[in-house]
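Asks: Build me a model:
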Amino acid sequence: EEGSQFASTKEPRCYIDSGICRVTYQEDNFRTNLLYLPVGAILTTLWLGFGFEVIEPIIRLNPLILMALGAPLIYKGSIALTDDYIFQNNKIVYGPCPACETENRVYFGNILGVEGFGDVASIKCTKCKVAINVQRESLRASTLPKND
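Replies: All right, here's what the predicted structure looks like:
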């Protein structure tokens, strides 16, 4: 189902008989990658400090070469520290509200040990305040049935 053109819809679809509206959200790769930026900046600063204090007296290196040598360590370290300790099990998704088409974002996962949404996120639309359930695996978002 995930990634299928036929099993997912990017436009909201409402059913008159049940009153349920559905839409498929998309993964927000840009914001997910931004989660690694703070740890990457700290590790870069630490690497440059280590390079200038320890490596520089032994052999003189251009700072760009020093950065190139440390890039794999900084990359792997920022992913490991961010995923294991700060934002565990992270996933950011976005999509339109099934009822009013206002764009909403949902963060699945934990932040510094504080539990967030797991398999299903129950949020309210920022504009129309309708309750929306978003499934983590399929990224399907649906409104609750209307009670008449």
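Asks: beta partners of the residue minimising distance to the centre of the chain?
Replies: Nearest to the geometric centre of the chain sits residue 92, at 2.8 Å (C-alpha atoms, centre = their mean). Under DSSP bridges, the beta-bridge partners of residue 92 are residue 107.
Asks: Quick check: it vs residue 32, distance?
Replies: In this structure, residue 92 and residue 32 are 5 Å apart, going by C-beta to C-beta, to the nearest Å. (Each C-beta comes from the backbone N, C-alpha and C, glycine too.)
Asks: how about the helices in the protein?
Replies: Counting by DSSP state H, the chain has these helices, from start to end: 29-34, 37-50, 56-58, 63-81.
Asks: Show me which positions of the last one end up buried.
Replies: Residues of helix 63-81 classed as buried under the neighbour-count rule (16 or more other C-beta atoms under 10 Å) are 66, 70, 74, 77-78, 81.
Asks: mean confidence score for that helix?
Replies: When pLDDT is averaged over helix 63-81, the result is 92.
Asks: mind exporting that helix as CSV, just the C-alpha atoms?
Replies: C-alpha atoms of helix 63-81 as CSV (Å, rounded to 0.1, in the frame of the first residue of the first chain):
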residue,chain,number,x,y,z
PRO,A,63,40.8,22.9,7.8
LEU,A,64,38.9,21.8,4.7
ILE,A,65,40.9,18.5,4.6
LEU,A,66,40.4,18.2,8.3
MET,A,67,36.6,18.5,7.8
ALA,A,68,36.7,16.0,4.9
LEU,A,69,38.5,13.5,7.2
GLY,A,70,35.9,14.0,9.9
ALA,A,71,32.8,14.1,7.8
PRO,A,72,32.1,10.3,8.0
LEU,A,73,32.5,10.3,11.8
ILE,A,74,30.4,13.4,12.2
TYR,A,75,27.7,12.0,9.9
LYS,A,76,27.5,8.6,11.6
GLY,A,77,27.8,10.2,15.1
SER,A,78,25.0,12.7,14.5
ILE,A,79,22.6,10.0,13.2
ALA,A,80,23.5,7.6,16.1
LEU,A,81,23.1,10.2,18.9
